[in-house]
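Undergrad: For reference, the sequence and a predicted model appear below.
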Amino acid sequence: MGTDGVVIAGGGLAAQRCAETLRRAGYEGRIRVLCAEPRAPYDRPPLSKEMLGASPDESAVGFRGQDFYEGRAIELVLDTRATALDPVAQRLRTSAGEELGYEQLVIATGSAPRTLPAFAPYENVSTLRTLEDARRLRELLHAHARLLIVGAGFIGQEVAAAARAAGAPVTVVELEPAPLHGLLGAEIGGWFARLHQEEGVELLLGRTIATIHGGRRVEAVTLDDGRRIEADHVLLGVGVSPDVAWLEGSGLDASGAVPVDERGRTALENVYAAGDAAAFFDPFLGRHAYSGHWESAGRQGAAVAHAIADAPAAPPALSSFWSDQYGTRIQYLGHARLADRVEVDGDPGARDFVALYSRDGMPVAALVVGRPKALPELRERLAHLTERTTA
Ligand code: FAD
């Protein structure tokens with residue numbers, strides 16, 4: 001074994017799982033984790049949930065303490081970005097001006113929130129990805145700033161819920177006819193719309209922003225139907241893009257998530273990718289699929305570690321995610337986009353139901369609201385999604 005070992009570019013969940021799984025699998029070489037942020041890897045889901053509460057315990061977001069990394073000889077290189085990759089020389093350039101050699105490289109640089117160019121000049125516009133973003137947003141919500149959220153995806157919805165809990169007025173503007181319409185369809189999207197309306201969110205669907213008013217700060221916007229909305233702060237929740245521009249010139253396509261096989265291997269020798277920066281091959285769909293969710297980021301980080309340590313691969317898992325809104329847990333499994341039918345069992349009005357999506361009578365996805373105990377059985381019913389390959 002050489003001395004360069006594994007270099008992991010990126011310091012999020014995928015990087016964390018990869019590093020710790022490498023040690024657990026008996027890998028004894030050097031492990032360096034390059035983190036663009038000035039702190040050790042931490043968890044992001046709480047940033048749009050607990051961390052927006054009145055006085056959260058910020059230490060709870062860290063995955064591990066300093067002694068964990070020291071005890072396992074995992075070197076964290078903080079405040080340092082990977083800036084370029086030379087796969088022939090097996091070297092990585094960093095923002096500190098250094099070149100790091102590697103035996104195996106793991107691309108785990110995650111994703112970055114999309115922005116909207118029209119809002120770029122204004123001071124009171126933000127996105128939510130880091131602990132610093134969450135701190136700033138928390139202060140605003142608890143000062144009852146009038147919040148305008150652009151986009152009713154999961155981040156926009158969770159921030160709207162946190163804002164209402166803090167007593168802040170919230171308007172959400174969404175282009176689609178219902179939140180998550182493209183993913184979950186009109187019926188369940190309509191349920192999400194009613195959820196927020198019942199909690200006092202002003203939800204404006206099928207609308208876009210036509211004009212922004214203000215000087216250095218956004219003071220108001222006018223929508224495409226002429227309606228004017230005053231705001232103290234604008235949060236953009238318009239999705240994320242894989243953070244892979246630094247791979248330009250490496251031989252990998254730097255315009256989107258890095259395609260990898262089921263063990264996380266890219267087209268380049270000794271280069272792997274995991275998490276929000278990667279698109280793993282999905283044997284059921286028969287193609288590379290982007291996840292952008294927590295469970296798969298962790299699972300993929302571990303899968304790469306197993307491949308590097310020459311350990312057996314874990315069995316394939318179902319695609320899944322969760323969201324917490326107004327004290328209700330919402331869980332999702334599978335591929336609802338494949339469905340031709342959705343059946344609801346339970347009481348949507350009481351925030352207690354399962355929506356089962358099927359195609360040709362075969363279940364392909366489930367949305368579970370307020371019923372975490374239903375999950376194990378649904379996992380079994382959907383297990384075929386991890387076994388089959390579409391023709
Ligand atoms: P990231 O967590 O994005 O970590 C990547 C790290 O790499 C970052 O620290 C970044 O600064 C760093 N980096 C970027 N570029 C470079 C570079 N060139 N060099 C070095 N480092 C670099 N998922 C769910 O399933 N359920 C949820 O409820 C949920 N809630 C969420 C709430 C919020 C506010 C956010 C932001 C995400 C949420 N997610 C949720 C998504 C989930 O957190 C992500 O899928 C997961 O964090 C992806 O992990 P990752 O390690 O791939 O990337």
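TA: Structure's in. What do you need? Numbering: from 1, shown residues only.
Undergrad: how close does R23 get to S95?
TA: Distance, R23 to S95, by C-beta to C-beta, to the nearest Å: 26 Å. Bear in mind the C-beta positions are built from the backbone N, C-alpha and C, glycine included.
Undergrad: For the ligand, give me its nearest residue in the stretch 251-391 of the chain.
TA: Closest contact between the stretch 251-391 of the chain and the ligand, by C-beta to the nearest ligand atom, is at G275 (2.2 Å).
Undergrad: and that residue, how many neighbours?
TA: Using other C-beta atoms under 10 Å, G275 has 34 other residues around it.
Undergrad: Surely it touches R44?
TA: No - counting by C-beta atoms under 8 Å, G275 does not reach R44; the two are 10.9 Å apart.
Undergrad: what's the overlap in contacts for the two?
TA: G12, L13 (C-beta atoms under 8 Å, 6 or more residues apart in numbering).
Undergrad: that older thread, where does the residue of the stretch 251-391 of the chain closest to the ligand sit relative to A60, distance-wise?
TA: Counting by C-beta to C-beta, the gap from G275 to A60 is 21 Å.
Undergrad: same deal with I155?
TA: 20 Å.
Undergrad: more crowded one of those two?
TA: Between I155 and A60, counting by other C-beta under 10 Å, I155 is the more crowded of the two (24 against 11).
Undergrad: Excluding chain neighbours, what is closest to A350?
TA: Leaving aside its sequence neighbours, A350 sits nearest to G370 (C-beta to C-beta, 6 or more residues apart in numbering; 7.8 Å).
Undergrad: hang on, that neighbour packs against Y326?
TA: No - the criterion here is C-beta under 8 Å, and G370 misses it with Y326 at 10.4 Å.
Undergrad: Mutual contacts of those two, please.
TA: Among the neighbours of G370, those also in contact with Y326 (C-beta under 8 Å, 6+ apart) are R351.
Undergrad: from what I can see, T83 looks like it's in a strand, true?
TA: Yes - under DSSP: H, G, I helix; E, B strand; the rest coil, T83 falls within a strand.
Undergrad: tell me the contacts of G5?
TA: With contact set as C-beta under 8 Å, 6+ apart, G5 has these partners: G29, R30, I31, R32, Y102, E103, Q104.
Undergrad: go on, L131?
TA: Taking C-beta under 8 Å, 6+ apart, one finds R39, Y42, L47, M51, E58, V61 in contact with L131.
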